[in-house]
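**Q** dropping the sequence and predicted coords here.
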Amino acid sequence: MTCEAVIRARIQPMRAALEAAPGLWPLFERCFMNSIETTIRQAPGDTFVITGDIPAMWLRDSTAQVLHYVRFADDPAVAGMLEGVIARQAECILRDPYANAFNQEPSDYKPYDDTPRASDWVWERKYEIDSLCYPMWLAEKYLDRAGRPDFLTERFHEALGLAVRVLRTEQNHARSEYRFSRRNCPPGDTLSRGGMGEPVGYTGMTWSGFRPSDDACCYGYLVPSNLFAARALKSAALLARRLDDDALAREAEALGAEIAAGVEEHGRVDHPELGEMYAYEVDGLGNACLMDDANVPSLLALPYLEACDADSAVYRNTRRFVLSGRNPYFYQGALAQGVGSPHTPGGYVWPIALCVQAMTSPDAEEIARIVKTLMSTHAGTGFMHESFDPDHPERFTRAWFAWANSMFGELIYRLFEDGRLGDVLERVAKQ
């Protein structure tokens with residue numbers, strides 16, 4: 001069977017349960033299958049994953065687009081597709097560890113006027129911490145599920161070491177050679193000070209030029225991405241040991257501990273109403289940005305990323321902030337409420353953030369409300385979108401955005417796996 005056929009067969013046992021909620025089964029099936037049906041470009045030993053309506057592969061998006069398929073990695077066809085993604089991600093990192101998005105083949109076409117000019121393999125060279133972290137996380141999860149270490153090649157080993165070195169280098173960004181400037185663009189698409197970004201002090205955290213939205217950071221230490229880096233470096237250590245590289249494993253562990261300690265010392269603030277919580281960004285010089293963005297890594301997504309305990313007081317306080325009007329990017333309308341982003345129109349809610357909110361919530365009523373919202377705001381398209389107007393869902397951005405579809409598929413499948421789906425759907429029917 002093909003990879004697509006295997007995945008489609010594996011989700012069929014859910015059909016009867018989902019048909020209890022009118023319209024949910026076709027919505028789930030279309031979203032769950034969207035990445036494998038439309039974004040995968042597979043060749044022997046290589047899998048290129050476009051985001052959807054942009055023909056480039058983001059290291060972050062490509063991981064999130066296939067992560068919900070890892071549970072089926074016991075099948076050789078699915079395993080081959082995933083090993084191809086991991087191999088391609090390693091090659092991308094080796095070509096340019098500071099790039100966030102890549103071309104399938106070398107191309108001299110450049111959609112932006114950037115300095116320095118990126119290589120022909122690179123679509124965009126915005127440095128984002130999570131671009132190096134998501135491939136580590138995916139590789140660990142694949143190894144845990146498939147139990148097949150064949151993908152741990154010398155090229156993967158080289159990429160893993162390079163990713164750790166870059167995260168270490170960017171603890172002291174002033175010593176880094178990375179610069180990024182873009183002409184003829186909005187302010188959020190370029191870095192200040194000749195492409196270096198705003199000043200930062202040493203904290204133990206690692207610097208990021210851009211957020212996972214691809215918008216420039218206000219302050220260089222992006223707290224949710226640093227916490228994800230600390231988690232991903234545990235993946236790096238595990239993978240390094242499987243590669244018999246104890247030195248790299250120890251370096252990954254040490255760096256992860258330093259980053260985590262830096263967040264605890266410099267990345268928290270004392271909110272006058274909520275108490276101690278995480279800032280979104282800090283600079284190590286006393287400045288902090290209090291907000292959250294729908295793109296993952298986000299503060300809301302920390303438990304989903306296995307980067308913090310959902311029961312911790314700091315996370316609970318942070319969550320209360322994020323899901324309230326205190327967060328400047330939390331929006332409410334007649335048909336939905338949730339986290340948006342400065343990357344999209346003001347007031348627009350992101351389905352990805354709604355899925356994250358549900359996957360990090362212990363409250364069945366809250367989960368049911370979100371499922372019902374997602375079922376009723378796709379504007380009859382049968383797919384999730386990047387963002388939508390919560391008063392008029394027919395106004396949305398990006399009709400083909402596979403990451404959002406994968407997140408909805410992951411949410412519903414998790415509820416099925418955890419045995420909570422029936423209860424949630426009963427609550428959906430009553431709301």
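**A** Structure's in. What do you need? Numbering: from 1, shown residues only.
**Q** so residue 42 touches residue 81, yeah?
**A** Yes: assessed by Cβ atoms under 8 Å, residue 42 is found in contact with residue 81 at 6.0 Å. Using the backbone N, CA and C atoms, a C-beta is placed for each residue, glycine as well.
**Q** which residues do the two both contact?
**A** Residues touching both residue 42 and residue 81 by Cβ atoms under 8 Å, 6 or more residues apart in numbering: residue 3.
**Q** and residue 317, what does it touch?
**A** Taking Cβ under 8 Å, 6+ apart, we find residue 317 in contact with 271, 274, 275, 276, 277.
**Q** which phi and psi does the first one have?
**A** Reported as degrees, to the nearest 10, the phi and psi values for residue 271 are phi -80, psi 140.
**Q** roughly how far apart are the residue lying closest to it once chain neighbours are set aside and residue 164?
**A** For residue 271, ignoring the flanking residues on the chain, the nearest one in space by Cβ to Cβ, 6 or more residues apart in numbering is residue 277 at 5.2 Å. Here the criterion is Cβ to Cβ, to the nearest Å. By it, residue 277 lies 29 Å from residue 164.
**Q** which residue is the nearest non-sequential neighbour of residue 409?
**A** Per Cβ to Cβ, 6+ apart, closest to residue 409 is residue 32, 3.4 Å.
**Q** is the residue positioned nearest the centre of the chain in a helix, a strand, or coil?
**A** Taking Cα atoms, centre = their mean, the centroid of the chain lies closest to residue 296, which sits 3.9 Å from it. Secondary structure assignment for residue 296 (DSSP: H, G, I helix; E, B strand; the rest coil): coil.
**Q** does it touch residue 352 like I think?
**A** Yes: the pair residue 296 / residue 352 is scored as a contact, 6.6 Å apart, by Cβ under 8 Å.
**Q** which residues of the stretch 101-250 of the chain fall in strands?
**A** For the stretch 101-250 of the chain, strands defined by DSSP state E, counting those that start in this stretch occupy the ranges 101-102, 114-115, 122-124, 181-182, 221-222.
**Q** would a markdown table of those with mean neighbour count be doable?
**A** Listed next are these as a markdown table, based on neighbours: other Cβ atoms under 10 Å:
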| stretch | mean neighbour count |
| --- | --- |
| strand 101-102 | 25 |
| strand 114-115 | 17 |
| strand 122-124 | 22 |
| strand 181-182 | 18 |
| strand 221-222 | 32 |
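**Q** residue contacts, the nearest residue to residue 113 once chain neighbours are set aside?
**A** Sequence neighbours aside, residue 183 is the residue nearest to residue 113 in space, at 4.4 Å (criterion: Cβ to Cβ, 6+ apart). Neighbour list for residue 183: 113, 115, 190 [criterion: Cβ under 8 Å, 6+ apart].
**Q** now with 10 Å?
**A** Neighbouring residues of residue 183 by Cβ atoms under 10 Å, 6 or more residues apart in numbering: 112, 113, 114, 115, 189, 190.
**Q** how about the residues you listed, which pair is most distant?
**A** The distance between the two most remote of these (Cβ to Cβ) is 12.5 Å, for 115 and 189.
**Q** what's the domain layout of this structure?
**A** The record's domain parsing of the chain by automatic domain parsing lists 1-38+336-431, 42-328.
**Q** can you put those domains in CSV and add mean pLDDT?
**A** CSV is the format used below for the domains of the chain (pLDDT from 0 to 100):
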stretch, mean pLDDT
domain 1-38+336-431, 97
domain 42-328, 97
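**Q** was I right to think residue 63 contacts residue 132?
**A** No: counting by Cβ atoms under 10 Å, residue 63 sits too far from residue 132 to count as a contact (11.2 Å).
**Q** overlap of the contact sets of these two?
**A** residue 89.
**Q** name the residue in those two with the higher neighbour count.
**A** The neighbour count for residue 63 versus residue 132, taken as other Cβ atoms under 10 Å, is higher for residue 132 (31 against 26).
**Q** how far away from the center of its chain is the helix or strand the residue nearest to residue 409 falls within?
**A** Residue 32 is part of helix 24-38 when elements are defined by DSSP states H and E. Centroid separation between helix 24-38 and its chain, computed with Cα atoms, centre = their mean, to the nearest Å, is 19 Å.
**Q** again, but for stretch 144-160
**A** Worked out by Cα atoms, centre = their mean, stretch 144-160 lies 21 Å from the chain centre.
**Q** mind listing what's buried along that stretch?
**A** 145, 146, 148, 151, 152, 153, 156, 157, 159, 160 (16 or more other Cβ atoms under 10 Å).
**Q** can you put these in JSON lines and add distance to residue 412?
**A** Putting those into JSON lines (distance: Cβ to Cβ, whole Å) gives the following:
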{"residue": "145", "distance to residue 412": "19"}
{"residue": "146", "distance to residue 412": "23"}
{"residue": "148", "distance to residue 412": "27"}
{"residue": "151", "distance to residue 412": "28"}
{"residue": "152", "distance to residue 412": "32"}
{"residue": "153", "distance to residue 412": "34"}
{"residue": "156", "distance to residue 412": "32"}
{"residue": "157", "distance to residue 412": "36"}
{"residue": "159", "distance to residue 412": "33"}
{"residue": "160", "distance to residue 412": "33"}
